[in-house]
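K.L.:
can't give you the sequence, but here's the structure:
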């Protein structure tokens, strides 16, 4: 059975209350439950982690290298600033999907640049919480095609 990590970055612990006009009212716990249910339906093991600290996210990516088949990463604002996350993704030799709840290209100009996209296998943005299950489908399809 495939095993994936869903890794969330800064401020995503505040989902449901943080800027609901942008991010909706679904909480991170709601998303995790939705993903657990979906993982059972598609026969995938799923683990979750969230941190507001860049180094913790790098550590989680490194640890995934040993135990996971792929990663779904919503790095939040670190998407637009973190060379460290870029380098970690490039180093772990796992497929990583970059994910955003909002359409980053329809927002402020500084959000249009991603340090992660060049090393991710793909990008899903703008579909709210549903983006997580879309990313799960995309990652599983990629893993099946690659094997």
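P.N.:
Nice, thanks for sending it over. Note that the structure is predicted; figures quoted are calculated from it, not measured.
K.L.:
What ranges does this protein have for its strands?
P.N.:
For the chain, applying DSSP state E gives strands covering 2-8, 44-50, 70-74, 96-100, 122-125.
K.L.:
List the contacts of the helix or strand of the chain with the lowest mean pLDDT.
P.N.:
Ranked by mean pLDDT, DSSP states H and E, the helix or strand of the chain with the weakest confidence is helix 20-23, at a mean of 73. Residues outside helix 20-23 that contact it (Cβ atoms under 8 Å, 6 or more residues apart in numbering) are 15, 101-102, 107, 128. (Glycine included, C-beta is placed from N, CA and C.)
K.L.:
Lowest pLDDT pick from those residues?
P.N.:
Within the set of the contacts of helix 20-23, pLDDT is lowest for residue 107 (79).
K.L.:
List the buried residues of stretch 49-65.
P.N.:
For stretch 49-65, the neighbour count (16 or more other Cβ atoms under 10 Å) marks 49-52, 54, 57-58, 60-61, 64 as buried.
K.L.:
Identify the residues contacting it?
P.N.:
For stretch 49-65, using Cβ under 8 Å, 6+ apart, the contacting residues are 5-13, 28, 71, 73, 75, 78, 82, 84-85, 88-89, 91-94, 96.
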